[in-house]
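> what's the 3D shape of this:
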Amino acid sequence: MKFGGFDHMDRGGSDLGRQFDERLRLIELYEQAGFHAYHLAEHHATPLGMAPSPSVFLAAVAQRTKTLRFGPLVYTVNLYHPLRLIDEIASAAASRPMRSATTASTPRPVRSASPRRSRLS
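Here you go, the predicted structure:
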């Protein structure tokens, strides 16, 4: 059985730089304890969104770990320019071969709640 961590960078009591340092130290401990993977959620404009660009934070994870697999839990693709997202994913994969995993998602259209048919039905 393999264990991993799922995380989101929620607003803590300390300043953001200190919070990042503490979280990176925790991830180093995950690796030392034998965890298989670490995944980071992408949130925006919420108290859960202190690291809204997973690629940036995960680049720091790559520098501090050797064997831990990691990646964003999901990229919300409609928030990125397609070329930029492809470049970020390719750069991440090249810098840490066989240790990263990527998932992408787009929101589904909301169906109309009215009895008449909407254009999305």
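
> what packs against the helix ranked longest in the chain?
If you go by DSSP state H, the chain has its longest helix at helix 16-32. Contacts defined by 3 or more C-beta pairs under 8 Å, 6 or more residues apart in numbering; DSSP states H and E place helix 16-32 against strand 4-7, helix 54-64. Where C-beta positions appear, they are placed from N, C-alpha and C, glycine not excepted.

> how far out from the middle of the chain is it?
15 Å (C-alpha atoms, centre = their mean, to the nearest Å).

> right, and the helix or strand after it?
Sequence order places strand 37-40 as the next helix or strand after helix 16-32, per DSSP states H and E.

> ok, residue 4 touching residue 39?
Yes - look at residue 4 against residue 39 with C-beta atoms under 8 Å: they come within range, at 6.7 Å.

> Show me the beta-bridge partners of the residue positioned nearest the centre of the chain.
Nearest residue to the geometric centre of the chain (C-alpha atoms, centre = their mean): residue 72, 2.6 Å. Legend: beta-bridge partners of residue 72 under DSSP bridges are residue 40.

> Would you agree it is in contact with residue 39?
Yes - assessed by C-beta under 8 Å, residue 72 is found in contact with residue 39 at 6.9 Å.

> Which one of the helices and strands packed on helix 16-32 lies nearest to residue 48?
strand 4-7 (10.1 Å; C-beta to C-beta).

> Give me the contact list for that closest one.
With contact meaning C-beta atoms under 8 Å, 6 or more residues apart in numbering, strand 4-7 is reached by 23, 27, 30, 35-41, 69, 73.
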